[in-house]
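# Here is my input; please provide its structure:
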Amino acid sequence: MNQQEFYEKIPDWISKDKDSWNHITLMAYFCHKYREKHGVNFRLVRWKGDPGKGKESRDFAKLFKALAPEDYDNLTDYSKQGVKKDIILKIYNYINWMFDYKFRRGDKSVTGTGLFLMPSVINEFERMYTGYMATKKKRKGIGQLVLWAENNLPEIFSKHQVEEVSDLRMIESYIKTYLLSENSPESLLLAKAKELEVL
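Residues are numbered from 1 along each chain as shown. Below you'll find the model as predicted:
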């Protein structure tokens, strides 16, 4: 396969479900983002006719290993499947972050895959990604909490707004101020919020 054939296959590869992605697909997605941003194909170094044997795919294999849990190799095959998809999604978001946020304008740009392996850049992304995932988890938890409350404590909505974590903090203060019992709708709502790890 030459580089042109590789570029022709990219749209098909990256359109597949992330369950089937690997370091080669991540490299293909990197090339897609590069072409999308700069209007030219990324020139792969030391092309050997196989996308899995080049420097760029090896960089993404190293990145996968760097972001995987330390005990990844000791996990069962079943456990590895879920963890692998999480890592693939994280690297997918890392690629997007590099092109769409970190180097979105100015004279700086993504010049190669080695940039993704720089510890300072990984650490910066990790801080942002961890915060994003925590917020996403809380939003999902709030949705589950509201659904549970609609079915189990519909009366709570006549007294309180339940849309964000800050609303739950207000309800928590309300419970303390009025010394509400553990069986009050407010207390039951807060107990469920803690069970869902929203608080």
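# Okay, domains of the chain per the record?
3-117, 137-195 (automatic domain parsing).
# okay if I get the ones you listed as a markdown table plus mean neighbour count, mean pLDDT and distance to E126?
C-beta coordinates here come from the backbone N, C-alpha and C atoms, glycine included. What follows is the domains of the chain, written out as a markdown table (neighbours: other CB atoms under 10 Å; pLDDT from 0 to 100; distance: least, CB to CB, whole Å):
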| stretch | mean neighbour count | mean pLDDT | distance to E126 |
| --- | --- | --- | --- |
| domain 3-117 | 15 | 91 | 8 |
| domain 137-195 | 14 | 93 | 16 |
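# Please tabulate these in a markdown table and include distance to R127 as additional columns.
Formatted as a markdown table, the domains of the chain follow (distance: least, CB to CB, whole Å):
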| stretch | distance to R127 |
| --- | --- |
| domain 3-117 | 11 |
| domain 137-195 | 16 |
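# And N74, how far from D86?
From N74 across to D86, the span is 17 Å (CB to CB, to the nearest Å).
# quick one, which of the domains of the chain is nearest to Y129?
domain 3-117 (6.4 Å; CB to CB).
# Name the nearest residue to I156, ignoring sequence neighbours.
P185 (4.7 Å; CB to CB, 6 or more residues apart in numbering).
# who touches the residue nearest the centre of the chain in this structure?
Nearest to the mean C-alpha position of the chain, by CA atoms, centre = their mean, lies K90 at 4.6 Å. Applying CB atoms under 8 Å, 6 or more residues apart in numbering to K90 gives the contacts 67, 129.
# three-state assignment of it?
helix (DSSP: H, G, I helix; E, B strand; the rest coil).
# and what of R105?
coil.
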